[in-house]
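**Q** Please find the sequence and the predicted model below.
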Amino acid sequence: MHTIKKSLRVSFGWLLLSLLPQAVVAQQEKGDLGDKEYIIVKDYRPVLAESAKISDTPEGDTSTFTAPPMQYNLRSKKAETNYETAVIKAVKVKDEPLPKLYRSLVRGGVGNYTSYLGELYINSLRSKTGSLGLALRHLSASPNLKDAGPADFSDNSAMVYGKYFLENATFDGRIRYDRNVVHYYGYDKNDTVIEKKDSRQLFGKFGVDLGFGSSEIRKDRINYQGRFGFSTLSDNFAASENEIRVGLEAGKQVNDLYVNLPVSMEFFKKKDAEYQVLSLLSNQSRNIVRLRPEVRIDREKIRARLGLGFELEKNKKSEFHIFPRFDITAPIADQVLYAFVGADGAVVKNNFHTLAEENPFITSAIIPLNTIEKLNIRAGMRGNFSSTIGFSAGVRYSTIENLQLFYNDLDYFNKFNVLYDDAKVLNLNAEVIYKSSEKFALSLHVDQYNYKMDTEAEAWFRPNTEVALRADYNFRDKILLNAAIFARGPIQARTLDANGAVAEKINGWSDANLGVEYKYSKILSGFVRLNNLGFSRYYYWYRYQSMRFNVMAGVAYSF
């Protein structure tokens with residue numbers, strides 16, 4: 001404590017000495033205060049002098065602001081660059097080599113039932129101006145069928161065909177001759193004797209078809225095509241038929257619609273057979289004229305064809321028909337399931353040629369009449385179960401006038417005549433297709449029919465059920481396999497006896513076939529065809545049985 005007091009005295013003394021000049025001045029101004037000594041005794045408390053500080057929240061007038069003028073001086077200067085482009089080498093795309101084509105193919109084979117096969121095809125190679133080809137084919141057999149007459153047959157055809165290409169048009173033509181021989185073997189040779197030459201039927205057909213049309217379908221122009229055809233058919237009993245066909249069609253894209261106008265005419269006349277009884281329809285010429293304007297719509301969500309059919313036909317008499325014609329397809333689930341609906345009608349040509357193709361055992365005295373499909377209504381769905389399985393299912397209901405039905409002739413019991421009746425037909429159909437790759441494909445198609453006839457008791461020779469199963473397999477492009485199974489339900493045959501019409505049931509049947517081809521090289525291959533693997537005897541027409549198991553083997557060579 002003593003020490004602190006001493007220090008204070010010393011400090012205070014020095015302070016007085018430092019203020020002495022000022023005190024002297026003050027004394028001079030105010031007077032002398034006198035000598036006094038003050039002793040202050042207390043604790044030392046150092047105090048810092050007050051200082052000016054910058055506020056944390058500066059204050060100022062910010063209500064107005066005047067931006068100083070700013071000036072920019074841009075100096076343009078060209079940058080000199082030395083850039084030289086380098087030549088880029090074109091990418092070389094390796095083109096896939098075109099497969100080598102051969103001008104000719106010859107195929108030959110032999111089998112049981114004294115069967116022979118011969119085929120020859122000759123064609124020009126690739127050309128930008130056109131193509132020309134020749135096709136010859138022969139197939140024959142002489143089966144010896146149990147309790148039946150001679151069933152020899154042969155199918156022969158020769159055709160020359162070609163195309164000529166222009167920049168905007170294409171011309172094509174075909175000349176063909178067919179010679180088909182069958183025998184009316186549908187009788188029991190044990191109790192009936194018919195000379196072979198008397199049971200022989202020969203169909204000879206010569207035809208010419210010419211056509212022209214736009215080389216490609218374009219939206220900016222009218223697309224067109226036209227056809228002309230002539231054919232003549234004759235048989236072994238002096239019956240003959242001539243036919244002329246003419247057709248023209250023009251279409252144009254108008255916005256998102258395609259307007260199409262096809263018109264066609266068919267003229268045909270049959271000459272009676274030498275043994276044919278004359279009637280009011282003998283040697284009668286008939287014709288069909290069709291005009292079918294339509295509009296096609298192809299959009300993302302719908303595809304449609306809308307039109308009408310105007311058809312004039314001369315059958316027993318001249319008649320004019322108007323038919324609706326439309327088809328609409330729309331997606332239910334895009335790329336997966338589609339629904340379709342449609343309706344139409346048509347005059348279906350029946351002549352000697354078409355009926356003989358359907359049943360080659362018809363009598364030459366047949367009188368053809370056209371079939372009128374007054375209305376066909378159809379609906380269904382199609383789609384894909386997966387990327388490899390597709391399907392379709394539908395229903396079709398038809399109202400038909402003059403549906404052709406075959407029956408056994410009373411005068412010529414082993415031949416077939418034709419009658420006509422009105423009918424209502426219901427058809428249920430379904431198809432499943434499996435295709436895992438380009439190597440394997442499998443398909444199943446089923447049709448179920450129900451006929452309601454106007455006059456006849458049955459739809460003669462028309463089955464209620466038809467099934468077709470097909471399979472194809474390509475093993476390393478070396479072995480090609482194809483198999484098929486066909487089945488048909490029972491049918492009713494109409495025969496005649498002294499008491500009138502009699503119905504005969506023909507049982508249903510199934511038939512399995514297998515074909516194998518081995519490619520030894522690109523130009524040489526061998527094949528084997530096995531038919532009727534079930535070794536069954538079935539009847540397609542009344543009294544006309546099929547061949548049992550038959551096999552044919554042969555080779556094919558390209559050059």
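**A** Structure received.

**Q** Can you report how many residues neighbour S386?
**A** Using other Cβ atoms under 10 Å, the number of residues around S386 comes to 8. All C-beta spots, glycine's among them, are computed from the backbone N, C-alpha and C.

**Q** hang on, I meant K452
**A** The number of residues near K452, taken as other Cβ under 10 Å, comes to 10.

**Q** Bridging across strands, which residues link to it?
**A** K424 (DSSP bridges).

**Q** which residues touch it?
**A** 423-425 (Cβ atoms under 8 Å, 6 or more residues apart in numbering).

**Q** quick one: it and Y412, what's the gap?
**A** Distance of K452 to Y412, computed by Cβ to Cβ, to the nearest Å: 30 Å.

**Q** Please spell out which residues along the helix or strand where S392 lies are buried.
**A** Using DSSP states H and E, S392 sits in strand 389-408. Going by neighbour count (16 or more other Cβ atoms under 10 Å), the buried part of strand 389-408 is 390-392, 394, 396, 398, 400-408.

**Q** Closest one of those to A556?
**A** For the buried residues of strand 389-408, the closest approach to A556 (Cβ to Cβ) belongs to G390, at 31.8 Å.

**Q** quick one: that closest one and L202, what's the gap?
**A** According to Cβ to Cβ, G390 and L202 sit 44 Å apart.

**Q** Repeat that for E216.
**A** Taken as Cβ to Cβ, the span from E216 to L202 is 43 Å.

**Q** Looking at those two, which is more packed in?
**A** L202 (13 against 9).

**Q** what bridges to the more buried one?
**A** Those that pair with L202 in a beta bridge, by DSSP bridges, are V181.

**Q** Surely it is in contact with A238?
**A** No - the pair L202 / A238 is not scored as a contact, 11.4 Å apart, by Cβ atoms under 8 Å.

**Q** list residues touching both of the two?
**A** With Cβ under 8 Å, 6+ apart, L202 and A238 have no common neighbours.

**Q** so who does the nearest residue in space to Y420 that is not next to it in sequence touch?
**A** Closest residue in space to Y420, ignoring its immediate chain neighbours: N402 at 4.2 Å, by Cβ to Cβ, 6 or more residues apart in numbering. N402 is in contact with 315, 350, 369-372, 420-422, counting by Cβ under 8 Å, 6+ apart.

**Q** Dump those residues into a markdown table; add secondary structure, pLDDT and distance to M381 as well.
**A** Listed next are the contacts of N402 as a markdown table, based on DSSP: H, G, I helix; E, B strand; the rest coil; pLDDT from 0 to 100; distance: Cβ to Cβ, whole Å:
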| residue | secondary structure | pLDDT | distance to M381 |
| --- | --- | --- | --- |
| N315 | coil | 78 | 37 |
| N350 | coil | 94 | 33 |
| L369 | coil | 92 | 36 |
| N370 | coil | 94 | 33 |
| T371 | strand | 96 | 29 |
| I372 | strand | 96 | 29 |
| Y420 | strand | 96 | 34 |
| D421 | strand | 97 | 33 |
| D422 | strand | 98 | 30 |
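
**Q** from the buried residues of strand 389-408, which is closest to I288?
**A** For these, the nearest to I288 is N402 (13.3 Å; Cβ to Cβ).

**Q** got a pLDDT number for the closest one?
**A** Per-residue pLDDT puts N402 at 95.

**Q** ditto for N190
**A** pLDDT, N190: 89.

**Q** Also A52?
**A** With respect to pLDDT, A52 has a value of 61.

**Q** same deal with the one 4 residues further on?
**A** We have a pLDDT of 60 for D56.

**Q** Looking at the contacts of N402, spot the one nearest K163.
**A** For those, the nearest to K163 is N350 (31.6 Å; Cβ to Cβ).

**Q** give the contact list for the residue lying closest to that closest one once chain neighbours are set aside.
**A** Distances taken as Cβ to Cβ, 6+ apart place P368 nearest to N350, at 4.6 Å, with adjacent residues excluded. Applying Cβ under 8 Å, 6+ apart to P368 gives the contacts 270, 286, 350-352, 354-355, 418.

**Q** how far away is P368 from L233?
**A** On the measure of Cβ to Cβ, P368 and L233 end up 12 Å apart.

**Q** okay, and the common contacts of those two?
**A** Contacts common to P368 and L233, judged by Cβ under 8 Å, 6+ apart, are F352.

**Q** Packing partners of the host helix or strand of R137?
**A** Following DSSP H and E, one finds R137 within strand 130-141. For strand 130-141, the elements it packs on are strand 115-123, strand 153-165, judged by 3 or more Cβ pairs under 8 Å, 6 or more residues apart in numbering; DSSP states H and E.

**Q** Let me know whether F203 touches N156 as I believe.
**A** No - using Cβ under 8 Å as the test, F203 is too far from N156 to be in contact (10.6 Å).

**Q** joint contacts of the two?
**A** Joint contacts of F203 and N156 (Cβ under 8 Å, 6+ apart) are 178-180.

**Q** Among those, name the buried ones.
**A** 178, 180.

**Q** ok, so of the shared contacts of F203 and N156, who is nearest L210?
**A** D178 (18.2 Å).

**Q** Shouldn't that closest one be within a strand?
**A** Yes - under DSSP: H, G, I helix; E, B strand; the rest coil, D178 falls within a strand.

**Q** was I right about it contacting T232?
**A** No - using Cβ under 8 Å, D178 makes no contact with T232, being 11.3 Å away.

**Q** and for those two, which residues touch both?
**A** Common contacts of D178 and T232 (Cβ under 8 Å, 6+ apart): K205.

**Q** residues contacting A512?
**A** By Cβ under 8 Å, 6+ apart, the contact set of A512 is 483-486, 532-534.

**Q** In a strand, it, correct?
**A** Yes - the assignment for A512 (three-state DSSP) places it in a strand.

**Q** State the distance from the spatially closest residue to it that is not a sequence neighbour to T354.
**A** In space, and not counting its chain neighbours, A512 is closest to L533: 4.2 Å by Cβ to Cβ, 6+ apart. L533 sits 32 Å away from T354, going by Cβ to Cβ.

**Q** and which of the shared contacts of F203 and N156 is nearest M552?
**A** N180 (18.7 Å).

**Q** so what's the closest residue to that closest one other than its chain neighbours scoring on pLDDT?
**A** Among residues not flanking N180 along the chain, F203 sits closest, at 4.7 Å (Cβ to Cβ, 6+ apart). For F203, the pLDDT comes out at 97.

**Q** Next: K6.
**A** In this model, K6 is scored at 44, pLDDT.

**Q** can you check E216 too?
**A** At E216, pLDDT is 86.

**Q** Assumed it was part of a strand.
**A** No - secondary structure of E216 (three-state DSSP): coil, not part of a strand.

**Q** show me where the stretch 151-300 of the chain has strands.
**A** 153-165, 169-183, 200-214, 223-234, 240-254, 257-271, 285-291, 294-298 (DSSP state E, counting those that start in this stretch).
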